[in-house]
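In: Return atomic coordinates for the entry below.
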Amino acid sequence: MAESMERDMKRVLIVEDQADIRELIRMTLELEDYDIHEADSGDGGYASARQLQPDLMLLDVMMPGTMDGIEVCQKLKADATFKKIKIIILSAKGQEQDRHQGKQAGADGYLTKPFSPKQLLDVVSKHIG
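Out: Model prediction:
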């Protein structure tokens, strides 16, 4: 019973290498009813997404490891099994070309850092309710 109830909650995966930003995002989302998971690298985020199949990923662009956020997004969106995962790119890079690169990778949204808790909640609820 607990398993089915837990799955009714929308699952969100936060992929961000900076612990303070990850914590801020988690604390903001904990105000809502989300099942929150975290990863601190592109590689870890990709592995977690494949395992958890979250409803939504908040994905930083610039991270350590062999894959950055754009590559993680491209790989997940290219695989029919994971194509339904909503991916919101988080980046300090807010130029039009950066947003275009995110869209080309298959991202469903793009949020420029710094962002307010309200902006974060708005974009998450827009994509997964």
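In: residues contacting the most centrally placed residue in the chain?
Out: Centroid-nearest residue in the chain: residue 58, 1.7 Å away (criterion: CA atoms, centre = their mean). Residue 58 sits next to 12-16, 25, 88, 90, 111, 120, 124 when contact means CB atoms under 8 Å, 6 or more residues apart in numbering. C-betas here are computed from N, CA, C, even on glycine.
In: mind listing which of the residues you listed are in helices?
Out: Mapping these onto helices (DSSP state H) picks out 25, 120, 124.
In: ok, the last one touching residue 54?
Out: No. Using CB atoms under 8 Å, residue 124 makes no contact with residue 54, being 11.5 Å away.
In: Spit out the residues that contact those two alike.
Out: residue 12.
In: Look up the pLDDT of the nearest residue to residue 73 once chain neighbours are set aside for me, please.
Out: Among residues not flanking residue 73 along the chain, residue 105 sits closest, at 4.2 Å (CB to CB, 6 or more residues apart in numbering). Per-residue pLDDT puts residue 105 at 97.
In: hang on, the earlier thing: quick check on the ones in helices among the contacts of residue 58: which are buried?
Out: 25, 120, 124 (16 or more other CB atoms under 10 Å).
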